[in-house]
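> need a structure here:
(chains A and B)
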Amino acid sequence: LVGAVPEAIIARFRSVGLERLEQIESIWLTITQGPANVEAGAELLRLLHTLKGDARIVGFVDVHFLCHKLEGLCAYAHRQGYRVTEDFDLIVTMGVRFLAMLLRKKAGRSLGGIDLPGFARQIDEALLDAQLADHLVEDRRGSPTAPLPPRAPSIDRLSEATLHRLGAAATSVYLERLCSEDRRATRLAHAWNELSSQLESLASVPLRGRVGRHAGAVTQLARDLGREVDVSFELGDVRVSDETAQALDLVVLHCTRNAVDHGIEEPLARTAAGKHPRATLRVQATRSRDRIELSISDDGRGVDREAIRRRAVDRGLMSEARAHGAADDELLTLLFAPDFSTREIVGAVSGRGVGLDAVKTAVGELGGDVRIVSERGAGTTIVVDVPHRGSQVEAQVFESSRKGILLGVPADWTVVRHHGPEPWVDPLELLDVPTAHDAGALVLSLRRGNEVHLVRAGGAPRSRTVERRCPTDESEPVEIVSAQGSDVLLLRPEVLFALEAAAGS
Amino acid sequence: MTDLRIDSVAVAELSADATLADDAIRVRMRGTADIPARAALDQLLAQLHAETRRLAVKTVIVDLTQLEFMNSSCFKSFVTWIELVQNLEPQDQYRIQFLSDPNMHWQRRSLRALSCFAADLITVES
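The predicted structure is shown next:
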């Protein structure tokens, strides 16, 4: 198959080819599930074409053949703005995996079980189906240039508004349970538990499940490139939205591969520089109340500022005088500029340019920020900071008039005990939940600005951090949250009492 | 009866369980295999591979007749599994038999394409 091509070239072809395929897969995922991105699509086609050309040179005719077939599929998708059917998506994804399998196939192993012509037929049929469907759409619309409608979002990419509506429906089930007894209450409790856990999983995904998959690939890449690297992923139990997970997946893919391929030196070079021959590459994620921070650190050669200065001057981005006097931050920021990251500059700047513009774009779309901290000879850290729609909020929590039911209000309400004779209202009654007749010796004043409500309660308020399990829209009067394992009916007094006033008028 | 160490799956809209009978492990999947189920599916297939090897079982039957849909992400899990089987020494390899519902359009092309990864190991039956 590979003739007289030296084994080292073959090995290099395999590892670079697998790297390209991972990039192709990542780009495909991004552009078929996100907004149209012409540049990314063009990059995908370029990567595929390069792999095809390399395969021809080293004599991998099967890889060359399949690349050619996939090029046809991807060129079609490109023309359609990457709005493709699930079937089409599936055959492209499997095609990329098929290529990876061909590249990984061990020398001397039989290829007998691999049915490449059969797979190629599936590609041809998928392309034909798509083109036929296209004609049908054109016929119906009478417009040959009209794009296909966007693919319907899959169940894991529900909009926030839909999640809130589902949350409101689940809350109704919860309140109904409080009005029920015996077996009916048990059935409703089960329904609530199922609904809330499903909503929880829809609202967020574990980051470890998404980006953790790169650990093995990066370790393998390091091995292929002759680097000795301890790779660690410390992601804890950080959960993020699906949208954030996709962006951080892209960040980790680009940054870890750049670090291994270009940032980390070969063992001999490290030893010569007085370092341990074994490098470290660490990916860490932490979550605060409203931010997610992801960092990718290596102890490689660090970024070469002089190379950035030369590149900036060559490209006309800075005069020589300005480049000479540029501050460190200003120089490092240039690495995020589009087109600054070309393969030509990779060797000179430890490869930090490759993909960083894509990283910045992905992070920017989330309203986040990315920065580089690098010390020449000591290593580089890329820090990504993105907003996190907090699942935790502060609240004032208190016993309701009915034992076992906790109420709460957001922390921007002041809650104090009230001793006056003024009339009060039981919030449970406003929610149509039966109350207890013999409890509620306590009246609390809820105050925010000029708005004051007196409510019956079963105990004094306490400040608590509560977890939003089943978020509802701010126009809803109540949301079920969790405080130290107990359910709490988090009231929105401004809505609850306004609804009551409207009903009474 | 030999103890089969494969955890049942009930995550998102996917459920799956495995049984051992007549020298074959049978895995039945139901519902929808979408992105939220990917990690659980990976674990299921890893356990399935380990158990098939431990028990020296020669056939694995994957019953998809009640699986409404599987997205490309979950198909990747199957590709990874199939590659694991392919990379075993020939005497250690086992056969994989997919049971499909021909009325589900998505199964036809996807399973035919999947079988091309290892035509000597995979069969698709309706």
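> Which positions in chain B make contact with chain A?
For chain B, the residues in contact with chain A (Cβ under 8 Å from any Cβ of the partner chain) are B:11-13, B:32, B:34-36, B:38-39, B:69, B:71-73, B:75-76, B:79, B:83, B:86-87, B:105-106, B:109-110, B:112-121. No exception for glycine: its C-beta is placed from N, CA and C like everyone else's.
> Buried only: go through those residues for me.
Using 16 or more other Cβ atoms under 10 Å in any protein chain shown as the burial test, the residues of chain B next to chain A include B:11-13, B:32, B:34-36, B:38-39, B:69, B:71-73, B:75-76, B:79, B:83, B:86, B:106, B:109-110, B:112-118, B:121 as buried.
> Leaving out sequence neighbours, find the closest residue to A:Arg448.
Beyond its immediate neighbours in the sequence, the residue positioned closest to A:Arg448 (Cβ to Cβ, 6 or more residues apart in numbering or on different chains) is A:Trp413, lying 4.7 Å away.
> Now do the phi/psi pair for the one you found.
Dihedral angles of A:Trp413 (phi, psi; degrees, to the nearest 10) stand at phi -100, psi 140.
> Which of the residues of chain B next to chain A fall in helices?
Per DSSP state H, helices hold the following members of the residues of chain B next to chain A: B:38-39, B:72-73, B:75-76, B:79, B:83, B:86, B:105-106, B:109-110, B:112-115.
> A:Val370: neighbour count?
A count of neighbours around A:Val370, defined by other Cβ atoms under 10 Å in any protein chain shown, yields 21.
> who does the strand or helix carrying it pair up with?
Element membership for A:Val370 (DSSP states H and E) is strand A:369-375. Applying DSSP bridges, strand A:369-375 is found paired with strand A:379-387 (antiparallel).
> quick one: average pLDDT of the partner strand?
What strand A:379-387 shows for mean pLDDT is 92.
> Using CSV, write out every CA atom in that strand.
Taking Å, rounded to 0.1, in the frame of the first residue of the first chain, the C-alpha atoms of strand A:379-387 are listed here in CSV:
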residue,chain,number,x,y,z
GLY,A,379,5.4,27.9,29.7
THR,A,380,2.1,29.3,28.6
THR,A,381,-1.4,29.5,30.2
ILE,A,382,-4.5,30.3,28.2
VAL,A,383,-7.3,31.5,30.4
VAL,A,384,-10.9,31.6,29.2
ASP,A,385,-13.5,33.3,31.3
VAL,A,386,-17.1,33.0,30.3
PRO,A,387,-20.3,34.1,32.1
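> contacting residues around the helix-or-strand element of chain B with minimal mean pLDDT?
Using mean pLDDT, DSSP states H and E, helix B:105-115 stands out as the lowest-scoring helix or strand of chain B, at a mean of 87. The contact list for helix B:105-115 (Cβ atoms under 8 Å, 6 or more residues apart in numbering or on different chains) reads A:86-87, A:90-91, A:94, A:115, A:118-119, A:122, A:125-126, B:64, B:67, B:69-70, B:75, B:78-79, B:82, B:98, B:100-102, B:122-124.
> Does the closest residue to A:Asp237 other than its chain neighbours have any beta-bridge partners, and if so which?
Using Cβ to Cβ, 6+ apart and skipping the chain neighbours, the partner closest in space to A:Asp237 is A:Pro206 (6.7 Å). Judged by DSSP bridges, the bridge partners of A:Pro206 are A:Arg239.
> sorry, back to before: I only care about the contacts of helix B:105-115 that end up buried; give me the PyMOL line for that.
In PyMOL, this line selects whichever of the contacts of helix B:105-115 come out buried by 16+ other Cβ under 10 Å:
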select buried, (chain A and resi 86+87+90+91+94+115+119+122+125+126) or (chain B and resi 64+67+69+70+75+78+79+82+98+100+101+122+124)
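> Touching the strand holding A:Val370 from outside, list them.
By Cβ under 8 Å, 6+ apart, strand A:369-375 touches A:251, A:302-303, A:332, A:335-336, A:352, A:356, A:359-360, A:363, A:380-386.
> again, but for stretch B:76-85
The contact list for stretch B:76-85, computed with Cβ under 8 Å, 6+ apart, reads A:93-94, A:97, A:101, A:104, B:38, B:41-42, B:45-46, B:48-49, B:93-94, B:96, B:114, B:117-118, B:121-122.
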